[in-house]
Each structure stands twice: as structure tokens, then as C-alpha cells.
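Novice: Okay, here's the prediction I keep looking at, along with the sequence it came from:
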Amino acid sequence: MNNTRNPIPNSRLFKLPFIEGTLKLTFETLNSYSLFRFTKGLTRIVRKISYQNEWLTIGIKINDEKEEKVYLKVTKKELLVSCSVDTDENYLSQYAYLVLDKLMHINDYCDFERYYWPDFFTSKNGGSKYLSIINDRNGLDITFKPAYAFFFKPGQELRIPMIEKKINRPQMIFMDKAFVVKQQLNGIGFCFADTFQKSWHSNHNPFLIPYSGILTQNNNAIKTFTSFVTSESNEAFQNFSPMQIELYKVCRKMELLAPILKPNYNCTKEQIASIDKLNYQRSKDLFTLWQDAFPYLIHQPFTHHYFTYGLRNIRQKPRKMDMKSCTFSYEIPKIIFLWKDKGEYYELDFRFKIDKQLFKPSEKNTAFFINEENNPTKFYLFESFSHCQLTLFFVERRFRILILKAHYGDFKDYLESLRAIYEVRDL
């Protein structure tokens, strides 16, 4: 047991099942496998010693006894437990029980996700070229090294692509040049209000807000922003062109659907599920409104992107420093994937194409749209809500998933589901 390179025997391991579909061990499950309990007056000192070759080594000292070691390995369905004394496949020692009890001292369960790194150790001495393992006075931290971020792990939930009906975008409205020039002189523009999809405070989906401003001398830019136009009583509304009035009507509908509803702290699981379902439908309805707005929006001379950091930060008057000039394209983006063999692992890259040209998406991506890395202020609107959902999943992974060849069997079905809907190029 003193060999740190291989401290764990191949057999005689006690097994504790996780909650199905998770890596969580409950206090109730632990107690059902042991008669030991932590009692008042008992002193225990627990410390995390190391993490090597998928095994977490924890030291435990009870009262004045010498320190013993408990060894834990996380698999897809169960926790494997060994100990320097007593524990075998039929018996869980007091030391092992008290360590696991300690790990659950805050909740009635322990999530072992942070210690689940199957097959990521490549050397017999317990090292890993993929992982960064830091154990100091602040605790034990295990993360992927930056070059290997976003590796897939067996059992990890993946966004399954769906086939949804494409929304028939209204035909582009063609206007003569004189009309466009006249519209450009009224100082009216439209703001693309956006924020992080997982912001906690006053979060919202992207929507449009009309604004008024004072033009530069040559009338080709906004010099000063005077107000957001959120009511027909605003004086600037009198300057709206007929097309801008139609777009304003869509903006008001967007404003009602944009807020993302948050459950209260004491909501039940059923209530949370109901709110999630409602948010999903509101997002779909808002996406449809974007399709309705697009034929009018692309003819607007002034459009700006405004990163709000939440609805509560939207004031009556736009701040110039927050308003970034942007454009919208009527071209429809197509999702495409690149599948690469990198030797020890595979790499799946998310890309999009316009006509025949391939683009790498910007990491500063937003819902409903996609934009390219080299021109992030030009936005392309998807034609299907399912494309939006899949894109948000890959945004969280910086548009790349790495898969160890040892895990290909767990990933294969997902890859085939992508091939059934999207173009996947094997490189």
C-alpha cells in the first residue's frame, strides 16, 4: 500500500452505486451499505493527499490513532473504494465510511464529477499530459490543460441534434435608392440588445430596441444617441419612416418575450420544469419574430450591438461607449463539422458556411445568430431554432470537442446523429 505509483490492488474493491445518470453518491446509499456512523465526541482529521492514475488518495486520522489511507476511483456508474486497512469487496471499513461521510458534510450527497477522469493518465507514474493537478492549501484542483480543454468524458450529456421545421423567412423587401437615402436622414436606428445567456441578473434573449440620435455632418453615422424609443409618445417616433414603424411593431412584441424567467429559491422541481418549458417556448416565439423583423432590419442605415449585462442596465438613453456599430446579413448560415484524427484522440470542430465559404465562429456568440471570428460585428440569422440550440451547446465548448480514442465507442452514436443532419467532413 506504500507504493504511490500503484497503491491499489486489482481486486477486493468495495463498490457504491451512484444515482442513475449522475456521479452523485447519496448519504442514504452510503448508510445502507454500512452500520458505522459519525458520533459526537469522535475526532477525525481528513486531508486529500494526491490524485494519480484516476485514484484519489485521502488520509484520515481518528482520535489519537495513526493516519490511514482511503482510495477512491470514480467510474461511470459506481465508486470504487479501497483502504489501507479492512476494506474488501464485502466490507467497508470505518475509515472509508468516515471519509465519505465527511465529503457529504454540506449536502446529503457528494458529486464525484470533479474526480472523474477516465483514461486521461498516460504514464505509469501517475502523471497526465492532459490534466493540470494542483494540490495546495487551497485544496485539490484538477482541470484540463488549456491545449486540451473540452475533452469528452463517457456519460457526459451531449446536445442531441433535432430536425425541426425551418421557418420560412419573409422575402427581402427591395427599395429604390432614393427611399434608402431619405430614411437615412431621420437619425433613427435599431439596437441589437444582447447579453450572456447564463447571466443571473435580469437575463434576456436578444431583442431589438429602436433609438434616436443626432447625425454627423455628412449624415453617415450617429454622433450622439439621444434616447431609446420604447413608446409612441416619444417625440422621435414622429420621424419614423413607414418601414421603421412596421419594424417598431415587431420590436414591441420582442420586448415582451425577451426576459428569461427565473424560478424562485423555494420552487419545486415541477415548478422549475414548468418555467423551463415556458422559457423554451418564449425563445422559439422570439426567434420567429426575428425572422419577421429581418426584411426590414437589413435596410436600416444605423444598427448597433449593445451588450446589456442584463435588462436592469437598459436606461432611457443609450451610452455611446456601449453601442457598437454592426450589420446583419440576409444570407442563411449552414452548420458544418470537421472530424480530425489527431493520433491519440479525435477532434470535432464546429464551423459554418455561407455559400461555399467556410468560417470559424466568433467565441463572442449570441443566441439565434452566428458571427465569424474575423468579422464579429456581422450577424447571420439561423433559419431553424434547433440550429440555435446546437450552436449554444458548442459555444460553451469554444466550438471544439476532443475525444480520446478509448472513448470513441461512447461518442460514436452522437457523431452519427450529427452526420444524419449536417455535413461532417473527414479530414
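Specialist: Everything's here; your move.

Novice: Quick check: end-to-end length of stretch 98-114?
Specialist: End-to-end span of stretch 98-114 (C-alpha to C-alpha, to the nearest Å): 20 Å.

Novice: make that stretch 107-117, sorry
Specialist: OK, stretch 107-117 end separation, C-alpha to C-alpha: 23 Å.

Novice: gap between that stretch and the chain center?
Specialist: Counting by C-alpha atoms, centre = their mean, to the nearest Å, stretch 107-117 is centred 20 Å from the centre of its parent chain.

Novice: Provide the contact partners of that stretch at residue level.
Specialist: Applying C-beta atoms under 8 Å, 6 or more residues apart in numbering, the contact partners of stretch 107-117 are 18-19, 22-28, 51, 54, 56, 72, 74, 79, 100, 103-104, 128, 131, 142, 153, 155. Quick note: C-beta positions are derived from backbone N, CA and C, even for glycine.

Novice: likewise stretch 13-24?
Specialist: Residues from elsewhere that reach stretch 13-24 (C-beta under 8 Å, 6+ apart): 25-26, 29-30, 33, 73-74, 77-82, 87-92, 96, 100, 109-113, 116, 155.

Novice: Following element in sequence after the helix or strand where Ser386 lies, please.
Specialist: Element membership for Ser386 (DSSP states H and E) is helix 385-395. Once the chain leaves helix 385-395, the next helix or strand it forms, by DSSP H and E, is strand 400-404.

Novice: correct me, but Ile167 touches Gln291?
Specialist: Yes. Between Ile167 and Gln291 there is a contact under C-beta atoms under 8 Å: 4.9 Å.

Novice: Now the common contact residues for those two.
Specialist: With C-beta under 8 Å, 6+ apart as the test, Ile167 and Gln291 both reach Glu383.

Novice: And for Ser325, the neighbour number?
Specialist: The tally of other residues near Ser325 (other C-beta atoms under 10 Å) stands at 12.

Novice: and it, how far is that from Arg315?
Specialist: 20 Å (C-beta to C-beta, to the nearest Å).

Novice: Could you chop the chain up by domain?
Specialist: 14-146, 177-329, 334-426 (automatic domain parsing).

Novice: now the helices for this protein?
Specialist: Using DSSP state H, the helices found in the chain span residues 27-32, 94-103, 177-183, 242-257, 269-297, 385-395, 408-421.

Novice: With mean pLDDT, distance to Lys342 and mean neighbour count added, can I get these in CSV?
Specialist: Putting the helices of the chain into CSV (pLDDT from 0 to 100; distance: least, C-beta to C-beta, whole Å; neighbours: other C-beta atoms under 10 Å) gives the following:
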stretch, mean pLDDT, distance to Lys342, mean neighbour count
helix 27-32, 96, 39, 14
helix 94-103, 95, 36, 22
helix 177-183, 61, 50, 12
helix 242-257, 94, 43, 17
helix 269-297, 94, 35, 16
helix 385-395, 94, 18, 20
helix 408-421, 96, 12, 14
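
Novice: rewinding a little: among the domains of the chain, which is nearest Pro161?
Specialist: With C-beta to C-beta as the criterion, Pro161 lies closest to domain 334-426 of the domains of the chain, at 4.9 Å.

Novice: for Tyr380, which residues make a bridge with it?
Specialist: Per DSSP bridges, the residues bridged to Tyr380 are Ser329, Ile370.

Novice: how about it, what does it touch?
Specialist: Taking C-beta under 8 Å, 6+ apart as the test, what Tyr380 contacts is Phe328, Ser329, Glu331, Ile332, Pro333, Phe352, Ile354, Phe369, Ile370, Asn371.

Novice: State the distance from it to Leu257.
Specialist: 21 Å.

Novice: Repeat that for Glu65.
Specialist: Glu65 is 63 Å from Leu257, by C-beta to C-beta.

Novice: hang on, the earlier thing: right, and the helices of the chain - which one's nearest Asn135?
Specialist: helix 94-103 (16.0 Å).

Novice: Could you turn the buried ones of the contacts of stretch 13-24 into a PyMOL selection?
Specialist: PyMOL command restricting the contacts of stretch 13-24 to the buried ones, with burial defined by 16 or more other C-beta atoms under 10 Å:
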select buried, resi 25+26+29+30+33+73+74+78+79+80+81+82+87+92+96+100+109+110+112+116+155
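
Novice: I'd say Tyr408 and Tyr345 touch.
Specialist: No. If you go by C-beta under 8 Å, Tyr408 and Tyr345 don't touch, sitting 9.0 Å apart.

Novice: what would the helices of the chain look like in a markdown table with distance to Thr303?
Specialist: Formatted as a markdown table, the helices of the chain follow (distance: least, C-beta to C-beta, whole Å):
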| stretch | distance to Thr303 |
| --- | --- |
| helix 27-32 | 55 |
| helix 94-103 | 52 |
| helix 177-183 | 13 |
| helix 242-257 | 11 |
| helix 269-297 | 7 |
| helix 385-395 | 20 |
| helix 408-421 | 31 |
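
Novice: Gln197 is nearest to which of those?
Specialist: Between Gln197 and these, the shortest separation by C-beta to C-beta is 6.3 Å, and it involves helix 385-395.

Novice: now the closest one against helix 269-297, angle please.
Specialist: Helix 385-395 and helix 269-297 are oriented at 110 degrees to each other (axes from the mean of the first three to the mean of the last three C-alpha atoms, to 10 degrees).

Novice: Off-centre distance for helix 385-395?
Specialist: The answer for helix 385-395 is 10 Å, by C-alpha atoms, centre = their mean.

Novice: Provide the contact partners of it at residue level.
Specialist: Residues contacting helix 385-395 (C-beta under 8 Å, 6+ apart): 158-159, 161-164, 167, 197, 283-284, 287, 333, 335, 350, 361, 363, 365, 367-368, 370, 382, 400-401.

Novice: So which of these are in strands?
Specialist: Mapping the contacts of helix 385-395 onto strands (DSSP state E) picks out Ile335, Phe350, Ile370, Arg400, Ile401.
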